[in-house]
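K.L.:
just a sequence and a predicted model for now, questions to come.
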Amino acid sequence: MDYKVVALAGGVGGAKLAHGLYQALEPDHLSVIVNIGDDFVYYGLNISPDLDTVCYNLAGMAHRTNGWGLDEDSNRAMEQARRLGGDDWFILGDRDLGTHLVRTQQLNSGKTLSMVTRDFCSRWGIRANIIPMSDDQVHTKVLTKQGQSMDFQEYFVHQKCEPEVKGFHFEGLKEAAPAPGIDKIIHDSDLVVICPSNPWVSINPILSLQPIKEALMGKPVIAVSPLIGGNAVKGPLSKMYMELGIIPSCQAVSNHYRGIIKGMLIDQVDNHEKEAIEAFGIITYATDLLMNNDDDRKRLAVEALNFGKSLSIIP
Ligand code: FO1
């Protein structure tokens, strides 16, 4: 089937659905545009957590319980760093460390992040097109109610999402351009799927790149809610909404994507929100959004694709 899909993703929920789409489609008919706002430098190494999480999941080598990092990895390098008084708040597994070593070396030799990612994907046997949102640097800053502007991983991992948030800033975004080819990939696609990722910190950095937002206009775009019954399966999304004075709900998520999406998949437990979301001109489809295993990922992806196709024929 010659049906081309672009997914926007960041974080573990996004990677799970991207993996489902990869199973459901011709593998080379899927492109995944990935958030880089979480990227940072640790021990002098360039870490791209969302890119690695998508790639490791598509290659079937992601850590089974964490969803990030590599399966059956060990932490001996980190244990040694700890013994020597080094940082260990962000755990790099031993084999995962190899990814960051080579990425850093390749970036330092002048390659772009999209070139490095393409090369890694071909070596890992990934046939989908995984693209960072930009080859320029964009850093998500979490603005806290204590008046701090905190690096994303400092907030997310080191401080365990405990600081109360009052907003977000994407440093470098104004100067950043979408990675080469993104415009054409979106243009040539039949459907765009916004994965069940955090709208504030995983999807907003991507959508805040004006050329990407413009390219999406007029395309059939659907989103999958990252909230089920007001709670995120993983991560601080629900807490963020509350701290920002918004009730965490599918309606709140749909409000983020208003004007961009035509349809939204919500969980059956949220079916009572159908009318409120449809009042925004967004058609809903209620199903089971939990992805506990590979079969769930594929089943949800197939449902999203069928829903997307049904919307594409509605003018
Ligand atoms: N998340 C954690 O909660 N603790 C960690 O020590 C950690 C290490 C880590 C290493 C490599 C990687 O690719 C991801 C890692 N993550 C860790 C996940 C990461 O912080 C999040 O997935 C995202 O940045 C949020 O989308």
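P.N.:
Cool, got the structure.
K.L.:
now do the helices in the stretch 201-315 of the chain.
P.N.:
204-207, 210-216, 237-243, 250-256, 274-278, 294-312 (DSSP state H, counting those that start in this stretch).
K.L.:
what comes into contact with the second one?
P.N.:
Applying CB atoms under 8 Å, 6 or more residues apart in numbering, the contact partners of helix 210-216 are 33, 133, 177-178, 182-183, 186-187, 192, 206-207, 260. Where C-beta positions appear, they are placed from N, C-alpha and C, glycine not excepted.
K.L.:
which residues touch residue 273?
P.N.:
Counting by CB under 8 Å, 6+ apart, residue 273 has contacts 249-251, 266, 284.
K.L.:
ditto for residue 43
P.N.:
By CB under 8 Å, 6+ apart, the neighbours of residue 43 are 81, 86-87, 92.
K.L.:
which stretches of the stretch 1-150 of the chain have low pLDDT?
P.N.:
Applying pLDDT under 70 to the stretch 1-150 of the chain picks out residues 1.
K.L.:
let's see 80
P.N.:
Counting by pLDDT under 80, the stretch 1-150 of the chain contains low-confidence ranges at 1-2.
K.L.:
now the strands for it?
P.N.:
All strands of the stretch 1-150 of the chain, identified by DSSP state E, counting those that start in this stretch, fall at 5-9, 30-34, 40-42, 45-47, 129-132, 139-144, 149-151.
K.L.:
nearest spatial neighbour of residue 168, skipping sequence neighbours?
P.N.:
Using CB to CB, 6 or more residues apart in numbering and skipping the chain neighbours, the partner closest in space to residue 168 is residue 200 (5.7 Å).
K.L.:
would you turn the strands of the stretch 1-150 of the chain into CSV with distance to the ligand?
P.N.:
Formatted as CSV, these follow (distance: least, CB to the nearest ligand atom, whole Å):
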stretch, distance to the ligand
strand 5-9, 10
strand 30-34, 10
strand 40-42, 9
strand 45-47, 6
strand 129-132, 13
strand 139-144, 9
strand 149-151, 11
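K.L.:
got these as TSV, with mean neighbour count columns?
P.N.:
As requested, the strands of the stretch 1-150 of the chain are exported to TSV (neighbours: other CB atoms under 10 Å):
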stretch	mean neighbour count
strand 5-9	27
strand 30-34	28
strand 40-42	15
strand 45-47	18
strand 129-132	24
strand 139-144	21
strand 149-151	15
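K.L.:
reformat these as a markdown table; add distance to residue 109.
P.N.:
Shown next, in a markdown table, are these (distance: least, CB to CB, whole Å):
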| stretch | distance to residue 109 |
| --- | --- |
| strand 5-9 | 27 |
| strand 30-34 | 22 |
| strand 40-42 | 16 |
| strand 45-47 | 12 |
| strand 129-132 | 17 |
| strand 139-144 | 22 |
| strand 149-151 | 26 |
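K.L.:
out of those, which is closest to residue 307?
P.N.:
Set against residue 307 and scored by CB to CB, these come closest in strand 5-9, at 12.3 Å.
K.L.:
what parts of the stretch 1-150 of the chain come near the ligand?
P.N.:
Neighbours of the ligand within the stretch 1-150 of the chain, by CB under 6 Å from any ligand atom: 10-12, 38, 49-50, 52-53, 68-69, 90-92, 96.
K.L.:
8 Å instead?
P.N.:
When proximity is defined by CB under 8 Å from any ligand atom, the stretch 1-150 of the chain lies next to the ligand at 10-12, 14, 35, 38, 47-50, 52-53, 56, 66-69, 89-93, 96, 100.
K.L.:
list buried residues within these.
P.N.:
Buried members of these, scored by 16 or more other CB atoms under 10 Å, are 10-12, 14, 35, 38, 47-50, 52-53, 56, 67-69, 90, 92-93, 96, 100.
K.L.:
if you rank the contacts of residue 43 by neighbours, which is first?
P.N.:
Within the contacts of residue 43, most neighbours by other CB atoms under 10 Å means residue 92, with 22 neighbours.
K.L.:
hmm, it is touching residue 78, no?
P.N.:
Yes. Using CB atoms under 8 Å as the test, residue 92 is close enough to residue 78 to be in contact (6.2 Å).
K.L.:
now residue 138: how far from residue 163?
P.N.:
According to CB to CB, to the nearest Å, residue 138 and residue 163 sit 21 Å apart.
K.L.:
okay, those two: which has more neighbours?
P.N.:
For the pair residue 138 and residue 163, the greater number of neighbours falls to residue 138 (23 against 17), based on other CB under 10 Å.
K.L.:
list the contacts for residue 172?
P.N.:
Residue 172 sits next to 136-139 when contact means CB under 8 Å, 6+ apart.
K.L.:
and which of those is nearest the ligand?
P.N.:
Of all the contacts of residue 172, the ligand sits closest to residue 139, with 12.0 Å by CB to the nearest ligand atom.
K.L.:
from residue 37, how far off is the closest one?
P.N.:
Distance from residue 139 to residue 37, by CB to CB: 7 Å.
K.L.:
what do those two both touch?
P.N.:
152, 170.
K.L.:
point me to the residue of the stretch 101-250 of the chain nearest the ligand.
P.N.:
Closest residue of the stretch 101-250 of the chain to the ligand, CB to the nearest ligand atom: residue 157 (4.3 Å).
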